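Q: Mind looking at a prediction? Sequence and model below.
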Amino acid sequence: KGIGYQGLIYRDFVENRMLTTDFDSGNYAFVGFSALNECEKSLFRHIREITKGKNGQCLFFWDADRYYIDKKEQEAGLFLRADLKEFPLPKGFELSDSIKDLYKKNIQVIEVPSSVAQVKVIPELLKKYEKIDENTAIILGDEKLLVPLIYTLPESIEINGEKKPLKCNITMGYTLSYTASARFVQIIMKLAMHRSENKSNGTTYFNRKDIFSTIMHSFSRAYINKGIIERINSTITKSKIDYIDIEYIREQINSNELLKVIFDTAQMDESFPKYIISVCNFVYENILSYDSYKTESDFMHRIITLYTSFLNALGDDIAFERDNMYYKLMTSIIKKSNMTFNSDSDEPIQILGFMETRSLDFDNIIMLSMNEDTFPKSSYKDSMIPYNLRKAFSMPSIEFQNSIFAYYFYRLLQRSQHIQMLYCSEGKISHAEQ
């Protein structure tokens, strides 16, 4: 509704609404929290005082291990040490003390030659498990590997001589800008944006690089005859200029329905957003309708929905003189949008990011992208507030990010039995990584 961001809403509640809110229950239990912010701490204190006045109980339960709580040098306990001191566990409850017995667990660190090769190894690792159920998790340190992983996992897998169906539950978002659909849309937008028109004779020229990128994309190659692509490529290769007269490749365009839609100059001139949506709709209905493109079809449908909403928001009264403004806005929409997957939590394999593993336990864990600078990420999101001010006022900083991911990592080790950690040897590998 545009009322405010999460932090502002939290602060508004604590400063203006908390004291007037009726907390009428006699007992409260807080479960599954970690890294409390100041607003959450204020709320916890307030509810604790209310329950005391009612002779009730306010209980706090924390999932932590003595290994990183007792050792102050362990960044995984940075937040929890303070939280446990102010909001201790109820009497009779103790912290876990299982990480000290890590040597009893089956832990492997596996080096693979490239980033994508990590997902290729997973089917072989799964075959070694005696049982695959909802207690088996594949955890991605780099979310870009989600789509390659989906396409790599087989429909069935043989375990102990018995062939079993292999289905997965995906509980993480995926940034649309990482998808093949988003890359295709980017190419088409550049093709239309970079075009040049000679109004005296009505001729339209297209950038040769844009034409090449368009016909060589996997979607185009799946629908356009190889001979047509070769003839277009030959024409633009022989040309000595950067911009190609569309009439030079008109014969090839007219021989393929996808090319007709892509090089529809009349639609480009009428409306840039409508042109992009029409190309996306054609690809969605005629190329991505096959089962082999099921995941990519969902991505393209999401893009079409976003761009249709954008077009409706503009209405008939708003129009930009230049296509590059549409390009900037439509590109930013994709960059800021995620795709969520609908699946069943009871499926045998759980696919998650580290952020989604909070309060979850698994027997079998495969961690991907355990590379320095990937887990945890070495950068922090852009902010206008300098690092020193963040540090002085206890605002989130890179140290906070490191401690949170360290906590997720160690917490996963507490109750799991079989752990495989994969890292990529491509490029420069630090000694700490090895």
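A: Great, that's in hand.

Q: Show me where the stretch 201-350 of the chain dips below the pLDDT cut-off.
A: Along the stretch 201-350 of the chain, the model assigns pLDDT under 70 to residues 342-346.

Q: And the helices in it, which stretches?
A: Secondary structure of the stretch 201-350 of the chain, counting by DSSP state H, counting those that start in this stretch: helices at 208-216, 218-223, 226-238, 250-254, 257-262, 265-270, 272-286, 294-314, 323-335.

Q: Tell me which of these lies nearest to residue 105.
A: Between residue 105 and the helices of the stretch 201-350 of the chain, the tightest spacing by C-beta to C-beta is seen for helix 294-314, at 33.4 Å. C-beta coordinates here come from the backbone N, C-alpha and C atoms, glycine included.

Q: re earlier: rebuild the helices of the stretch 201-350 of the chain as JSON lines, extending it with distance to residue 106 and mean neighbour count.
A: Converted to JSON lines, those look like this (distance: least, C-beta to C-beta, whole Å; neighbours: other C-beta atoms under 10 Å):
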{"stretch": "helix 208-216", "distance to residue 106": "45", "mean neighbour count": "19"}
{"stretch": "helix 218-223", "distance to residue 106": "39", "mean neighbour count": "16"}
{"stretch": "helix 226-238", "distance to residue 106": "49", "mean neighbour count": "14"}
{"stretch": "helix 250-254", "distance to residue 106": "58", "mean neighbour count": "15"}
{"stretch": "helix 257-262", "distance to residue 106": "51", "mean neighbour count": "18"}
{"stretch": "helix 265-270", "distance to residue 106": "59", "mean neighbour count": "14"}
{"stretch": "helix 272-286", "distance to residue 106": "45", "mean neighbour count": "20"}
{"stretch": "helix 294-314", "distance to residue 106": "32", "mean neighbour count": "17"}
{"stretch": "helix 323-335", "distance to residue 106": "40", "mean neighbour count": "16"}
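
Q: Adding distance to residue 40, write those helices out as a markdown table.
A: Listed next are those as a markdown table, based on distance: least, C-beta to C-beta, whole Å:
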| stretch | distance to residue 40 |
| --- | --- |
| helix 208-216 | 48 |
| helix 218-223 | 46 |
| helix 226-238 | 57 |
| helix 250-254 | 60 |
| helix 257-262 | 51 |
| helix 265-270 | 51 |
| helix 272-286 | 42 |
| helix 294-314 | 33 |
| helix 323-335 | 30 |
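
Q: for residue 59, helix, strand, or coil?
A: strand (DSSP: H, G, I helix; E, B strand; the rest coil).

Q: Surely it is in contact with residue 44?
A: No: with contact defined as C-beta atoms under 8 Å, residue 59 does not reach residue 44; the gap is 11.0 Å.
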